[in-house]
Structure formats: structure tokens, C-alpha cells
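>>> have a look; sequence and predicted model below, questions after that.
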Amino acid sequence: MASKKVLGRGLGAFFPEYDEEGEQAKGKKSGEEKEGDGSPYVEPKKRVNIVLHVPVDNIRPNPHQPRKEFNEDRLKELADSIDAHGLIQPITVRYIGEKRFELISGERRLRAAKLAGLEEIPSYIREVNDDDIISYALIENIQREDLNPIEVAMGYQRLVEEAGYTQAEVAERVGKNRSTVTNMLRLLNLPAFIQAGLRDQKISMGHARALLSIDDEDDQEEIYKKIIDKGYSVRKTEKVIRKLNEDQENKSKSTDTSDKESAFLKEISNRLRSTLSTKVNIKSKKNGGEIRIEYYSDEELDRLLDLFESIS
């Protein structure tokens, strides 16, 4: 096979005791005592923000990787591309001591490189401490375009639960609107079988958002099956769900509520749902009524309060 032009330098640029071929230089083995004082040999201070060729066996996986599944066919395609043309984009790692590195982002590229038989892989060295590694690794991976919506939502959730971010801080760090982050997190309220359908691209984000407006899980499953079996478009799905919700509202409305008032309340309810991006139910009573606005986390409640304050 013809030699390929490669990125970066060997470990000799990182560890002076290594020569340009990556072999350990004579007389400078790790842990060897220095002549004269009996003290152990100390590795030189690490360098960062450079691209080096790191042995693939020296890189441990990223425990904070949001991607849970890797398509074997696409992985093989990437491995064939790497075998033919080399790796164009380096992975990102951090140094963790004893000539070992931890992956920050690029697990798919690392797996494909191993599949292609590479012994070393171009790696961008970043300096990230233990306190920041969770948020840095998650954000680095979330910003990739090849994650499915459920993986992104789970990444956002981990930033909230493990890194201690608010939804507003997550939105700022990943460059999204707060409402986008909130809506992505709401996907995790869907039943597992619908999440699996979205992850496997059986339904779209538009379908998933529409299904979130259904309260009953049995009704969600019924509409979900129709989307799969009958090929409902997002618009068709929204229409069917709107009819379902209207029918349920009609059943629960008070018997003394006039048709005119009922139509008016439906319109107001739909407008509030659109404005607040959450479920809203209006129930008429003899002397007044009540509006029920649902929220699914303290962060979403804060978002609603901020929205109300901006309107007032």
C-alpha cells in the first residue's frame, strides 16, 4: 500500500525520551533512576494544543461518550476510507499520565482506525482537568452533527445532572436557544419504544414533538403504530392528534358549557400551548374556570416564569 501523508508528530515531540520513530531511547526508560542521585526518572512536562501520533493502545475510551450505538456498516465504510486516504480529522484526547491518554471526542474515528489496522492515530492534545472533563467531553460530542436526537437529549440531561448546569447554561455552552434545549429534554419523557423509534429514524423529530402532546401512553402507542404502518406525515400526525385531543376535551367538558364557549376555549388552549411550548388544559366551571399549565422540571418552571415576566 502506498504511504500516506499524515498529520502531526510522533511521541518524541511529547516525551523527549522517545526518538522520532516512537521507540524508547536507550538509557531513558520510564522509572529508571537518574545517575548519581538515585531519584526516579520523571517524565517531562506535557505539551498541549498540538497534534501528535498516539498509539491506539495508549488511548482509553471516554466514559462520558453520549453515543451509545455505532452502526457497523458505516464504521466499516469509515475504516475503508481511512485505509485508502488516511485520517483527515484528528481525534481529541487529554494526557492522563504514564504515557496514557483519555479520549475526549472521536470514538467513531478511533474505532474505525483500529478496524483499519492503524497502530497510531493523529490526536489533538487538550489540557482538561478532572473537574471539567465531564462537561467538556459531553459538549464536544453533543456538537457533532451525527448524533441522533435521543443521544443529544441524554447528553443535555447529563450536563444538567452530572455537570450541574442549568438549562440556560447548557443552551449557552452548546450554542442553542433555551427553548431548543428544553424541547430536546422533553423527548426523554416519551415512552422507551417511541424513543427507540426516533433513535432508529423510524419517526422524525416532528412526529416525536406531536406525540408529546398526548397524555395517555396507550393513545401514544396507537398513533405511533399508525405513523409506522400507514406512513403518516408530520402534518397528518398533528391533525390526527389534534382530533384525538379535541374528542377527549369534549368528553370531559361540563354539560352546561355551550358549543360556542367550548370552541372559544379550545382556540385559547391551542394558542397557549403554542406560546408556552407545553401542555395547557382549560376547564370551564359554573362561575369561572381553571387553566392548568404542565411542566416537567424545575428548569422548565423557571422558563415559564421568565416567559410570563417578559409578557407582563
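Now that the structure is in, tell me what you want to look at.
>>> do a quick rundown of the helices in the protein.
72-85, 107-115, 130-142, 149-161, 167-174, 178-186, 192-199, 205-211, 217-230, 234-252, 259-276, 298-311 (DSSP state H).
>>> ok, and the closest non-adjacent residue to residue 289?
Among residues not flanking residue 289 along the chain, residue 283 sits closest, at 5.6 Å (C-beta to C-beta, 6 or more residues apart in numbering). Using the backbone N, CA and C atoms, a C-beta is placed for each residue, glycine as well.
>>> am I right that that neighbour is in contact with residue 292?
Yes - using C-beta atoms under 8 Å, residue 283 is in contact with residue 292, at 7.3 Å.
>>> more crowded one of the two?
residue 283 (16 against 10; other C-beta atoms under 10 Å).
>>> and the residue nearest to residue 289, how far from residue 201?
As judged by C-beta to C-beta, to the nearest Å, residue 283 and residue 201 stand 38 Å apart.
>>> any stretches of this structure with poor pLDDT?
Applying pLDDT under 70 to the chain flags the ranges 1-47, 65-68, 131, 144-145, 252-261, 312.
>>> quick one, domains of it?
11-129, 202-252, 256-312 (automatic domain parsing).
>>> partners of the residue nearest to residue 289 in the sheet?
In this entry, residue 283 is beta-bridged to residue 290, by DSSP bridges.
>>> now the domains of the chain in TSV, with distance to residue 185?
Listed next are the domains of the chain as TSV, based on distance: least, C-beta to C-beta, whole Å:
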stretch	distance to residue 185
domain 11-129	13
domain 202-252	11
domain 256-312	7
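>>> I'd like to know which of these is closest to residue 141.
For the domains of the chain, proximity to residue 141 was assessed by C-beta to C-beta; domain 11-129 is nearest, at 5.1 Å.
>>> buried residues in stretch 156-164?
For stretch 156-164, the buried set under the neighbour-count rule, 16 or more other C-beta atoms under 10 Å, comprises 156, 157, 158, 159, 160, 163.
>>> now do the contacts for the second one.
Spelled out, that is residue 157. With contact taken as C-beta atoms under 8 Å, 6 or more residues apart in numbering, residue 157 is in contact with 185, 188.
>>> from residue 241, how far out is it?
Counting by C-beta to C-beta, the gap from residue 157 to residue 241 is 25 Å.
>>> just the first one next, same as before
Plainly put, residue 156 is 25 Å away from residue 241 if you go by C-beta to C-beta.
>>> swap in the third one?
Distance from residue 158 to residue 241, counting by C-beta to C-beta: 30 Å.
>>> quick one: contacts for residue 54?
Counting by C-beta under 8 Å, 6+ apart, residue 54 touches 11, 93, 101, 120, 121, 123.
>>> so what's it bridging to?
Under the criterion used (DSSP bridges), residue 54 bridges to residue 121.
>>> what ranges do the strands span in the stretch 1-150 of the chain?
51-55, 59-60, 91-97, 100-105, 120-125 (DSSP state E, counting those that start in this stretch).
>>> most packed of those strands?
strand 120-125 (a mean of 24; mean count of other C-beta atoms under 10 Å).
>>> spatially central residue for this protein, please.
residue 152 (2.3 Å; C-alpha atoms, centre = their mean).
>>> isn't it up against residue 139?
No - with contacts counted by C-beta under 8 Å, residue 152 stays clear of residue 139, the gap being 11.3 Å.
>>> distance from stretch 216-224 to the middle of the chain?
Here stretch 216-224 is found 26 Å from its chain centre; the criterion is C-alpha atoms, centre = their mean, to the nearest Å.
>>> identify each buried residue in that stretch, please.
220, 223, 224.
>>> just give the nearest non-adjacent residue to residue 150, would you?
residue 199 (4.5 Å).
>>> thought the one you found was touching residue 148?
Yes - using C-beta under 8 Å, residue 199 is in contact with residue 148, at 4.9 Å.
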